[in-house]
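Q: Quick one, what's the 3D model for this:
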Amino acid sequence: MNQDRMKNPKIHDLASALAEDVFELDIGAVDAELLAAGYRPEDATSKVGAVIARAIFSKARGQLAKAPAHVSETGTLLRFGPGEARAKLDAIVNRDPGAFPELTMAARKGQSISDADAVSQLEDFLELGIIDPDDLK
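A: Predicted coordinates for the structure are as follows:
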């Protein structure tokens, strides 16, 4: 359930009812209401679009600001250049192929993995304590 809905369900219900009323209006009726209130429908359309865009960007900005809190304190953000993560993963696997039998090139039938998959595997290995941060230097 949406957190805003849980905070105040009555306001959420009122907003839903108002939105439903607006969406049920005929566009001609909306234009007539705007003209009666002294607005040009074209101006109202661009203003409403701007309000919606600001709301979307504001919410996204808030979510982005909260993102670092979702990264665990022990988590490590790995950044590698193209091919670098695969090279590091291959070096770790080749150092002890018996420990990683499903990751060897032979087990993958000669197929390479993507950089993103290599980074993901390295992050998992770090988190599980299979490798140390020094292994990535």
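
Q: And for A44, nearest residue in space, chain neighbours not counted?
A: Among residues not flanking A44 along the chain, L34 sits closest, at 5.1 Å (C-beta to C-beta, 6 or more residues apart in numbering). Quick note: C-beta positions are derived from backbone N, CA and C, even for glycine.

Q: and if you look at D115?
A: Nearest to D115 is A85, by C-beta to C-beta, 6+ apart, at 5.1 Å.

Q: Next secondary structure after the host helix or strand of the one you found?
A: Using DSSP states H and E, A85 maps to helix 84-95. For helix 84-95, the following helix or strand on the C-terminal side (DSSP H and E) is helix 115-128.

Q: and that following helix, what other elements does it pack with?
A: Helices and strands touching helix 115-128, as assessed by 3 or more C-beta pairs under 8 Å, 6 or more residues apart in numbering; DSSP states H and E, comprise helix 84-95.

Q: tilt between the helix it packs on and helix 115-128?
A: In terms of direction (axes from the mean of the first three to the mean of the last three C-alpha atoms, to 10 degrees), helix 84-95 departs from helix 115-128 by 60 degrees.

Q: Dump helix 84-95 to CSV, keeping only the CA atoms.
A: What follows is helix 84-95, C-alpha atoms only, in CSV (Å, rounded to 0.1, in the frame of the first residue of the first chain):
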residue,chain,number,x,y,z
GLU,A,84,38.2,-4.3,-16.3
ALA,A,85,35.6,-6.1,-14.1
ARG,A,86,35.7,-9.1,-16.4
ALA,A,87,39.5,-9.2,-16.2
LYS,A,88,39.5,-8.9,-12.4
LEU,A,89,36.8,-11.7,-12.2
ASP,A,90,38.8,-13.9,-14.5
ALA,A,91,42.0,-13.3,-12.5
ILE,A,92,40.2,-14.3,-9.3
VAL,A,93,38.6,-17.4,-10.9
ASN,A,94,41.8,-18.5,-12.6
ARG,A,95,43.7,-18.1,-9.3
